[in-house]
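In: I would like the atomic coordinates for the input below:
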Amino acid sequence: MTWVDEVREAVLTIPAGFVASYSEIGRHLGMGPRQVGRAMSLLGEDTGLPWWRVVHADGTPATCHEGRAPALLAEEGTPMRGGRVDLGRARHRWGSP
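Out: Sure, this is the predicted structure:
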């Protein structure tokens, strides 16, 4: 499995209504947040990948894909506060790596 595949698989485990930041995914996989971002860009329009569940460290949704992330997060009932995801309530947590 390539590192891009590892990122894809990690993102697929984030349930609806929850999110993870690039840095959280990186820590989970043993890589940096920029590497996670690069993998996400390489995955592009991968159908079935919930890309909108990957947010910046401050809870700001992604701005790619014509800025659709906030609407998709809202559809899933993701807790928001002031245009950002409420990470205290919506952070996905993996078991110990």
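
In: C-alpha from now on. contacts and neighbour counts both.
Out: OK.

In: and residue 54, what are its phi and psi?
Out: phi -100, psi 120 (degrees, to the nearest 10).

In: Pairing partners for it in the sheet, please.
Out: Applying DSSP bridges to residue 54 yields these beta-bridge partners: residue 20.

In: and the nearest residue to residue 69 once chain neighbours are set aside, what is it in contact with?
Out: The shortest distance from residue 69 to any residue that is not its chain neighbour, by C-alpha to C-alpha, 6 or more residues apart in numbering, is 4.9 Å, and that residue is residue 52. For residue 52, the residues meeting the contact criterion (C-alpha atoms under 8 Å, 6 or more residues apart in numbering) are 61-62, 68-70, 72-73.

In: Buried members of those residues into PyMOL, please.
Out: Command for PyMOL, covering only those of these found buried under the criterion 16 or more other C-alpha atoms under 10 Å:
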select buried, resi 61+62+69+70+72+73
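
In: Make JSON lines from the contacts of residue 52 and add secondary structure, distance to residue 26 and pLDDT to it.
Out: Output for the contacts of residue 52, formatted as JSON lines (DSSP: H, G, I helix; E, B strand; the rest coil; distance: C-alpha to C-alpha, whole Å; pLDDT from 0 to 100):
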{"residue": "61", "secondary structure": "coil", "distance to residue 26": "17", "pLDDT": "96"}
{"residue": "62", "secondary structure": "coil", "distance to residue 26": "16", "pLDDT": "90"}
{"residue": "68", "secondary structure": "coil", "distance to residue 26": "23", "pLDDT": "92"}
{"residue": "69", "secondary structure": "helix", "distance to residue 26": "20", "pLDDT": "94"}
{"residue": "70", "secondary structure": "helix", "distance to residue 26": "22", "pLDDT": "95"}
{"residue": "72", "secondary structure": "helix", "distance to residue 26": "23", "pLDDT": "96"}
{"residue": "73", "secondary structure": "helix", "distance to residue 26": "21", "pLDDT": "97"}
